[in-house]
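Chemist: 3D model of this:
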Amino acid sequence: MEVLRPQLVRIGGRIYRKNPIQEQTYQHEEEDEDFYQGFVECAEDPCDAYEVVQTQQGFRCTVKAPSLLYKHIVGKRGDTRKKLEVETKTSISIPKPGQEGEIVITGQHRSGVISARTRIDVLLLTFRRKQPFTHFLAFFLNEAEVQERFLKFQEEVLEKCSMDHGVDSTIFQNPKKLHLTIGMLVLLSEQEIQQTCEMLQQCKEEFIDDISGGKPLEVEMAGIEYMNDDPGMVDVLYAKVHMKDGSNRLQELVDRVLERFQASGLIVKEWNSVKLHATVMNTLFRKDPNAEGRYNLYTADGKYIFKERESFDGRNILKLFENFYFGTLKLNSIHISQRFTVDSFGNYASCGQIDFS
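Modeler: A predicted model of the protein is given here:
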């Protein structure tokens, strides 16, 4: 991370800057209290986004969070919570490990309670980002015709380009897992999975049905492109997906879904638009068939994983298969799928979906 371009954290309409040097030194959970020092001082003024209740003893505010993240608010030997309580003049009650519930903040002054709430939100969001993605929103692209054409693509690439550096059968996608990702999610409880299902249903009712006209979106999966800027050293090769009628409805639909989920906080805002693509080759598959590129950077404990990649020379593939036709599909369902989990047929398992036809 560049010092002049630190990571920004958006909470309740406010933007907070994080100290990049401190974040880079973070290695283990035991260093939580040091990591806390890396935050720029949060705003102390009251924030209308928080519901603070006045009681006979002062003021009270609650925070809903998955139990998996409690330890990051407590910190090693309780140091992070103690520091928060001292600096904000509040008392912070956190459910015991393994128990679901609310974090309760109480204090004599409303501004102190709001300050503690703001800092807790920053910590929760930061450590949520350290969690590996658990679920994703996607269209499945595993119709029989597309699977057959994909296998034909793989066969011809290996026949004509296997002598090119790094090209072998291990880096091809599993045809049963072909999909079009809308956004990646970190869902750490059943409540969050249910919230995601409800949000997707709201999207259907408010704009998806209008955009789709209540009918499947007929798309073509044709042509290939690469992610990086050097065709001689490619890590990800993907198939392009576009509406068969030439309209922009698919892009509009996924962008609005992304926007809604970003506004709710279920998806961290990184991009303003979805890059429509279906991964067909990925060098991370070489060592891990379940790998999904940048989505495999952290373990459940928030520790960074370094995955060595051997890029492949994609120049001949791009030249020979630039306009390869994978088939036509009718997209009529958006799925909430769990990573690394497949059904009895080997497809990604869906834990929720909405249909619009």
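
Chemist: where in the chain is pLDDT low?
Modeler: Low-confidence segments of the chain (pLDDT under 70): 1-49, 289-308.

Chemist: got the residue ranges for the strands in it?
Modeler: Counting by DSSP state E, the chain has strands at residues 8-11, 14-17, 53-55, 58-64, 90-93, 102-107, 135-140, 179-185, 217-226, 236-243, 278-282, 325-331, 333-342, 348-355.

Chemist: mind putting those strands into a markdown table with distance to Val254?
Modeler: In short, each C-beta sits where N, CA and C put it, glycine included. Output for the strands of the chain, formatted as a markdown table (distance: least, C-beta to C-beta, whole Å):
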| stretch | distance to Val254 |
| --- | --- |
| strand 8-11 | 21 |
| strand 14-17 | 25 |
| strand 53-55 | 39 |
| strand 58-64 | 28 |
| strand 90-93 | 39 |
| strand 102-107 | 34 |
| strand 135-140 | 8 |
| strand 179-185 | 5 |
| strand 217-226 | 10 |
| strand 236-243 | 10 |
| strand 278-282 | 13 |
| strand 325-331 | 10 |
| strand 333-342 | 9 |
| strand 348-355 | 13 |
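
Chemist: just send the ones you listed back as a markdown table, with mean neighbour count and distance to Lys269 too.
Modeler: Output for the strands of the chain, formatted as a markdown table (neighbours: other C-beta atoms under 10 Å; distance: least, C-beta to C-beta, whole Å):
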| stretch | mean neighbour count | distance to Lys269 |
| --- | --- | --- |
| strand 8-11 | 15 | 6 |
| strand 14-17 | 13 | 11 |
| strand 53-55 | 9 | 30 |
| strand 58-64 | 17 | 20 |
| strand 90-93 | 18 | 28 |
| strand 102-107 | 20 | 24 |
| strand 135-140 | 23 | 15 |
| strand 179-185 | 21 | 10 |
| strand 217-226 | 19 | 24 |
| strand 236-243 | 20 | 22 |
| strand 278-282 | 23 | 22 |
| strand 325-331 | 18 | 24 |
| strand 333-342 | 18 | 19 |
| strand 348-355 | 16 | 22 |
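
Chemist: for Leu200, which of the ones you listed is the nearest?
Modeler: Comparison of the strands of the chain against Leu200 by C-beta to C-beta identifies strand 348-355 as nearest, at 5.1 Å.

Chemist: what pairs with the closest one, parallel or antiparallel?
Modeler: With DSSP bridges as the test, strand 348-355 is paired with strand 333-342 (antiparallel).

Chemist: list of residues touching the partner strand?
Modeler: By C-beta atoms under 8 Å, 6 or more residues apart in numbering, the surrounding residues in contact with strand 333-342 are 132-140, 176-177, 179, 182, 185, 193, 196-197, 200, 208, 257, 290, 292, 295, 348-356.

Chemist: let's see 6 Å
Modeler: Residues outside strand 333-342 that contact it (C-beta atoms under 6 Å, 6 or more residues apart in numbering): 135-136, 138, 196, 290, 348-355.

Chemist: list the contacts of stretch 204-212.
Modeler: Outside stretch 204-212, the residues touching it (C-beta under 6 Å, 6+ apart) are Arg249, Glu252, Leu253, Arg256, Ile354, Phe356.

Chemist: now do that stretch: distance from first to last residue.
Modeler: The first residue of stretch 204-212 is 10 Å away from its last residue (C-alpha to C-alpha, to the nearest Å).

Chemist: got the buried residues for it?
Modeler: Lys204, Ile208, Ile211, Ser212 (16 or more other C-beta atoms under 10 Å).

Chemist: ok, now stretch 169-176?
Modeler: Ile171, Phe172, Gln173, Asn174, Pro175, Lys176.

Chemist: now the residue of the chain positioned farthest from its centre: how far from Asp245?
Modeler: Using C-alpha atoms, centre = their mean, the residue of the chain lying farthest from its centre is Gln56. It sits 42.0 Å away. As judged by C-beta to C-beta, to the nearest Å, Gln56 and Asp245 stand 64 Å apart.

Chemist: ok, Asn332 - contacts?
Modeler: Pro216, Asp355, Ser357.

Chemist: which of those residues lies closest to Leu68?
Modeler: Leu68 has its nearest neighbour among those in Asp355, at 31.4 Å by C-beta to C-beta.

Chemist: now the closest one. Nearest residue, chain neighbours left out?
Modeler: Counting by C-beta to C-beta, 6 or more residues apart in numbering, Ser333 is the residue found nearest to Asp355 once chain neighbours are left out, at 5.0 Å.

Chemist: from His179, how far out is the one you found?
Modeler: Using C-beta to C-beta, Ser333 is found at 11 Å from His179.

Chemist: between which two of the buried residues of stretch 204-212 is the distance greatest?
Modeler: Lys204 and Ile211 (10.2 Å).

Chemist: mind listing the helices for the stretch 151-300 of the chain?
Modeler: Here the stretch 151-300 of the chain has its helices, by DSSP state H, counting those that start in this stretch, at 190-203, 209-212, 249-264.

Chemist: Ile114 is nearest to which of those helices?
Modeler: Evaluated with C-beta to C-beta, the helices of the stretch 151-300 of the chain place helix 249-264 nearest to Ile114, the distance being 21.4 Å.
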